[in-house]
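Enquirer: with the sequence up front, the predicted model follows.
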Amino acid sequence: MKITDIKIIPVNRFLYVKVFTDEGISGIGESGAWGFLDASAEAVETFKTYLIGKDPLQIEHHWQYMYRCFHFRGAAIMGAISAIDIALWDIAGKWFDVPTYTLLGGRCRDKVRTYYHVSGETTEELVAACVKAKEAGYNAVGHLSPFLDEPRSKAYFLPYAKMINEAVDRVRQIREAVGDDVDLCLELHRRMKPGEAIAFAQAVEKYHPFFLEDPVIPDNFDSMALVAEKSNVPIATGERIHTIQEFEMLFSRNAMSYARTSVCLCGGITGTKKIAAIAEAHGIPIVPHNPLSPVSTAACLQIAIATENLAIQELPDHETVSATEKYTSSKAVNQKSFKQSDMVTWVPRASQGFIEVPDRPGIGTDVVEGAETKFPYKRREINTRLSIDGSIVDQ
């Protein structure tokens, strides 16, 4: 079997890569470099010149070749490698007529625990969203910002004491509303400095969050380690980290309790399995990062099923716009204007907070024919939040 073509398929706010073979089997993958998909597409074009004519089942060799060929890293490049890698694993599963997780060692569980995205621009909206998730059967909620999901177009300012106290009180209200039946995965969106994050962690720990995600920017591993050292609440990080070496440096610093592996950014299924193995050696479970489309969810499921040290799987709402658009757009987003589920042939769905293990060959889904025409690609606008003094705010 040989690779005959690689097609880049930009759809709405997503970038897919489809790999074709001379046996009539194709595979689909997705790039997680969501802010720079055009650059990621160009990286795929470069890798395409190497892959045409190669055996698609030599996945590890191709991964090493692409990863090491030009010595450069970064989100756009790693997103391209990830998309191609996922597509190759999809082909392998279809070739052997088994789900991809079977080729990764088989199932470690019969169903996958998920957490559902919740959001709100006000405390009342956020509490109501958490209650609604519980009523829908979820036993965990995530993307839960105790600092609210205010639009990026709104200038930000709060005095320090008010910022901390209001956020902690929101967590209190949510905990009282859902009880101990729902785990709270708090998303801090890199918006705090180390001292602020430590203070917040100490103030909120009595409400027993499952974890605090990215309390500070991930660029400085020592800063993340400092927060983890001073916090009794587990720290989750890694969604913006691209390489196995970066994860190992975080693990060795005891900088996290949960590894947020971005399957569509950190090297695909191959890269994620490498990271999960290193995490296991450190006693750290993984929480696959997944703000993308149903293709990403299907790929994440293969990892979640075949990896022993899984904690929980992030699950966005695929009946609306992308999570990345919902939380970063400067405009009012009509969430009912677009359904991701219309773009693909199969969408993984949760019941009572769990996704049953599928038995579909490969990763189990594909992009519908003509998706790029039905759902035209839109380049993302540059849009970040500012403080009332005009300086940059991380959100």
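Expert: The structure has been received and is ready for your questions.

Enquirer: is it true that Thr365 touches Cys300?
Expert: No: using CB atoms under 8 Å, Thr365 makes no contact with Cys300, being 11.7 Å away. All C-beta spots, glycine's among them, are computed from the backbone N, C-alpha and C.

Enquirer: please save the CA atoms from the helix or strand containing Ala133 in PDB.
Expert: If you go by DSSP states H and E, Ala133 is part of helix 123-135. Extracted in PDB, the C-alpha atoms of helix 123-135 (Å, rounded to 0.1, in the frame of the first residue of the first chain):
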ATOM      1  CA  THR A 123     -22.400  34.400  37.700                       C
ATOM      2  CA  GLU A 124     -26.000  33.500  37.200                       C
ATOM      3  CA  GLU A 125     -25.400  32.200  33.700                       C
ATOM      4  CA  LEU A 126     -22.400  30.200  34.800                       C
ATOM      5  CA  VAL A 127     -24.200  28.600  37.700                       C
ATOM      6  CA  ALA A 128     -27.200  27.800  35.500                       C
ATOM      7  CA  ALA A 129     -24.900  26.100  32.900                       C
ATOM      8  CA  CYS A 130     -23.400  23.900  35.600                       C
ATOM      9  CA  VAL A 131     -26.800  22.900  36.900                       C
ATOM     10  CA  LYS A 132     -28.000  22.100  33.300                       C
ATOM     11  CA  ALA A 133     -24.900  19.900  32.700                       C
ATOM     12  CA  LYS A 134     -25.700  18.000  35.900                       C
ATOM     13  CA  GLU A 135     -29.300  17.500  34.800                       C
END
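
Enquirer: use 52 as the first number for this chain going forward.
Expert: Okay, residue one is now 52; in that scheme the one you just asked about reads as helix 174-186.

Enquirer: so for it, what's the average pLDDT?
Expert: Summarised as a single mean, pLDDT over helix 174-186 is 98.

Enquirer: and Arg436, how close does it get to His168?
Expert: In this view, Arg436 and His168 are 19 Å apart by CB to CB, to the nearest Å.

Enquirer: revised request: answer the last question for Gly318.
Expert: According to CB to CB, Gly318 stands 25 Å off from His168.

Enquirer: who has more neighbours, the two?
Expert: When Gly318 and His168 are compared for neighbours, Gly318 comes out ahead with 26 against 22, by other CB atoms under 10 Å.

Enquirer: what pLDDT does that one get?
Expert: Note for Gly318: predicted pLDDT of 98.

Enquirer: my guess is Asp106 contacts Thr55, does it?
Expert: No: counting by CB under 8 Å, Asp106 does not reach Thr55; the two are 11.9 Å apart.

Enquirer: helices and strands of the protein: which one bottoms out on pLDDT?
Expert: One helix or strand of the chain scores below all others by mean pLDDT, DSSP states H and E: helix 374-379, with a mean of 78.

Enquirer: ok, residues contacting that helix?
Expert: Defining contact as CB atoms under 8 Å, 6 or more residues apart in numbering, one finds that helix 374-379 is touched by 64, 85-86, 168, 170, 194, 200, 203, 342-343, 367-368, 371, 384, 386, 431, 434.

Enquirer: among those residues, which are in strands?
Expert: The strands, defined by DSSP state E, take in His168, His194 from these.

Enquirer: type out the ChimeraX command that picks the buried ones from the contacts of helix 374-379.
Expert: Here is the ChimeraX command that selects the buried residues among these (16 or more other CB atoms under 10 Å):
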select :64,85,168,170,194,200,203,342,343,367,368,371,384
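
Enquirer: helix, strand or coil for Tyr166?
Expert: Taken by DSSP: H, G, I helix; E, B strand; the rest coil, the conformation at Tyr166 corresponds to strand.

Enquirer: that one is in contact with Val233, isn't it?
Expert: No: at 9.2 Å, Tyr166 does not count as touching Val233 under the criterion of CB under 8 Å.

Enquirer: common neighbours of those two, please.
Expert: In contact with both Tyr166 and Val233: Tyr189, Ala191, Val192, using CB under 8 Å, 6+ apart.

Enquirer: looking at the residues you listed, which is nearest Asn283?
Expert: Ala191 (19.5 Å; CB to CB).

Enquirer: how far away is the closest one from Pro336?
Expert: In this view, Ala191 and Pro336 are 13 Å apart by CB to CB.

Enquirer: these two: which is more packed in?
Expert: Neighbour totals were compared for Ala191 and Pro336, and Ala191 leads with 23 against 18 (other CB under 10 Å).

Enquirer: give me the phi and psi for the more buried one.
Expert: For Ala191, the backbone dihedrals (degrees, to the nearest 10) come out as phi -160, psi 140.

Enquirer: tell me what it is bridged to.
Expert: Using DSSP bridges, the beta-bridge partners of Ala191 come out as Asp234.

Enquirer: got the contact list for it?
Expert: Arg164, Thr165, Tyr166, Tyr167, Val233, Asp234, Leu235, Cys236, Phe261, Ile363, Gly404.

Enquirer: of these, buried ones?
Expert: If you count burial by 16+ other CB under 10 Å, the buried members of these come out as Arg164, Thr165, Tyr166, Tyr167, Val233, Asp234, Leu235, Cys236, Phe261, Ile363, Gly404.
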